[in-house]
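A.B. asks: I'll drop the sequence and a predicted model, then ask my questions.
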Amino acid sequence: MNKVFLIGNLTRDPELTETTSGVSLCRFAIAVNRNYGGADGERKTDFFNIVAWRGLGETVARYAKKGNKVAVSGSIELRNYEDSQGVKRTGVDIVAQDVEFLTPKGSGSDGYMSDAPAPADRKRASLQAFDDDSDIPF
């Protein structure tokens with residue numbers, strides 16, 4: 001089983017691109033603090049590259065910004081490549097299956113969605129009053 005769950009802060013704004021076949025692809029990175037400190041008492045931080053495809057990637061690119069806290073679930077993917085000097089290298093990416101925004105809407109100047117319009121398909125339902133003092137059978 002290849003499954004990973006991470007909670008961290010975006011280290012840069014997400015970058016949305018398309019493949020040559022027109023599939024949306026969003027790349028971003030998050031910083032994740034470790035639960036323990038080193039010998040010097042300082043907590044270490046790990047940095048993970050995240051890839052989100054299609055609609056998920058478009059949503060992340062639209063609403064997330066540098067500094068936002070997100071929860072990412074997905075899988076680890078290794079890729080082998082040659083750099084410009086011909087040296088074989090291995091890259092590690094997290095392929096996101098789900099991204100949850102943890103920074104509250106409009107919190108501070110960097111809050112996600114603070115300047116983005118609400119999606120058209122997410123309209124707020126109007127609440128209607130109801131009589132809760134009606135005949136109750138017990």
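C.D. replies: Everything's here; your move.
A.B. asks: who does the helix or strand hosting T45 touch, helix- and strand-wise?
C.D. replies: In this assignment (DSSP states H and E), T45 forms part of strand 43-53. Counting contacts by 3 or more CB pairs under 8 Å, 6 or more residues apart in numbering; DSSP states H and E, strand 43-53 packs against strand 24-37, strand 69-82, strand 88-101. Backbone N, C-alpha and C define where each C-beta goes, glycine included.
A.B. asks: Check which element follows it along the chain.
C.D. replies: From strand 43-53, the next helix or strand downstream (DSSP H and E) is helix 54-63.
A.B. asks: If we go by neighbour counts, what in that following helix is buried?
C.D. replies: 56-61, 63 (16 or more other CB atoms under 10 Å).
A.B. asks: any idea how far it is from the chain center?
C.D. replies: Relative to its chain's centre, helix 54-63 lies at 9 Å (CA atoms, centre = their mean, to the nearest Å).
A.B. asks: If you average the pLDDT over that helix, what comes out?
C.D. replies: The predicted model assigns helix 54-63 a mean pLDDT of 96.
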